[in-house]
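1. coordinates only, no sequence provided:
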């Protein structure tokens, strides 16, 4: 008993030391990850001539000139680019919800030849680099005179090209009992009515997850809008930020940080509101 009383505190002390070291390492890692964001936020309120000369996160002077100048840096209010991004984002969400849910229902419920092959091709397309398709898609849309419009950004969304969301919804539909479908068929409902009135209302967690990911990815997308949008009046927020740097060079760094900070606000608000639905949706679609 005396030996146990002497040796028992040692493992406790070791666990405390390991826990302290682990938390210290995590705090250091978090500091490295958060520092660039904090520096951007602080730099947005610094005078332009102090941003690169004083890299610290404790400002000596505060100003709102970066926000005022950046809002009109491209000869039009920055709200125009927010509205453009909102239009593309909402259209992409509607397209993904419509096309991916219909495709997923067909692959999960309907019986037709080569159904498994089509599903395998859909999953294989996830591994296909997007850059392989850039030139063919650009040639296709340019032949229809759709460059400098939002159609090249929206049309693929209505064709279920985001295979990740198709897979997500297929996994969810497979968890629904088939007896619901049979009951609808007995009542005279066809495949589309069964999907619309029975399956789709039960797919809410998967639909919410698709909405959240589509919003974040589309709002932050820079590469695709950069290819198709060359006129300032149709720029989305990421392309407008890039043009701000090109047009103002180093003197536009403060305005760039200020407008970048504003561009993060919609994502942070949307994610904060929809976070619980995101976790619930992933947990109920088989991605555990």
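-> Noted; the coordinates are in hand. Remember, predicted model here, so these are calculated numbers, not experimental data.
2. domains in this structure, by residue range?
-> 2-69, 75-247 (automatic domain parsing).
3. pull the number of nearby residues for the closest residue to residue 164 other than its chain neighbours.
-> Counting by Cβ to Cβ, 6 or more residues apart in numbering, residue 126 is the residue found nearest to residue 164 once chain neighbours are left out, at 6.1 Å. Glycine gets a C-beta too; all of them are placed from N, C-alpha and C. Using other Cβ atoms under 10 Å, residue 126 is surrounded by 11 other residues.
4. which ones are touching residue 126?
-> 163-164, 167 (Cβ atoms under 8 Å, 6 or more residues apart in numbering).
5. now, those residues that are in helices?
-> Among those, DSSP state H puts 163-164, 167 in helices.
6. narrow the residues you listed to those that are buried.
-> For the ones in helices among the contacts of residue 126, a neighbour count by 16 or more other Cβ atoms under 10 Å gives the buried set as 163-164, 167.
7. reformat these as TSV; add pLDDT and distance to residue 195.
-> Formatted as TSV, these follow (pLDDT from 0 to 100; distance: Cβ to Cβ, whole Å):
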residue	pLDDT	distance to residue 195
163	91	19
164	92	20
167	93	18
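8. in what helix or strand does the residue lying closest to residue 59 once chain neighbours are set aside lie?
-> Distances taken as Cβ to Cβ, 6+ apart put residue 46 closest to residue 59, at 5.2 Å, once the chain neighbours are dropped. Following DSSP states H and E, one finds residue 46 outside all helices and strands.
9. which residue ranges form the helices in the stretch 151-288 of the chain?
-> Assigned by DSSP state H, counting those that start in this stretch, the stretch 151-288 of the chain shows helices spanning 151-154, 163-173, 179-186, 191-194, 200-202, 204-220, 223-228, 237-248, 253-283.
10. buried residues, the third one. List them.
-> It stands for helix 179-186. If you call a residue buried by 16+ other Cβ under 10 Å, then helix 179-186 has these buried ones: 181, 184.
11. what's that helix in contact with?
-> Helix 179-186 is contacted from outside by 109, 193-194, 197-199, 202, using Cβ under 8 Å, 6+ apart.
12. which of those residues are buried?
-> Buried among those by 16+ other Cβ under 10 Å: 109, 194, 198-199.
13. on that earlier part again, quick one: which of the ones in helices among the contacts of residue 126 is nearest residue 60?
-> residue 164 (46.6 Å; Cβ to Cβ).
14. returning to what we had before: pick out the shakiest of the domains of the chain, pLDDT-wise.
-> Of all the domains of the chain, mean pLDDT reaches its minimum on domain 2-69 (a mean of 81).
15. distance from the chain centre to that domain, please.
-> Centroid separation for domain 2-69 versus its chain: 26 Å, with Cα atoms, centre = their mean, to the nearest Å.
16. out of the contacts of helix 179-186, which is nearest to residue 36?
-> Taking the contacts of helix 179-186 together and measuring to residue 36 by Cβ to Cβ, the closest member is residue 202, at 41.9 Å.
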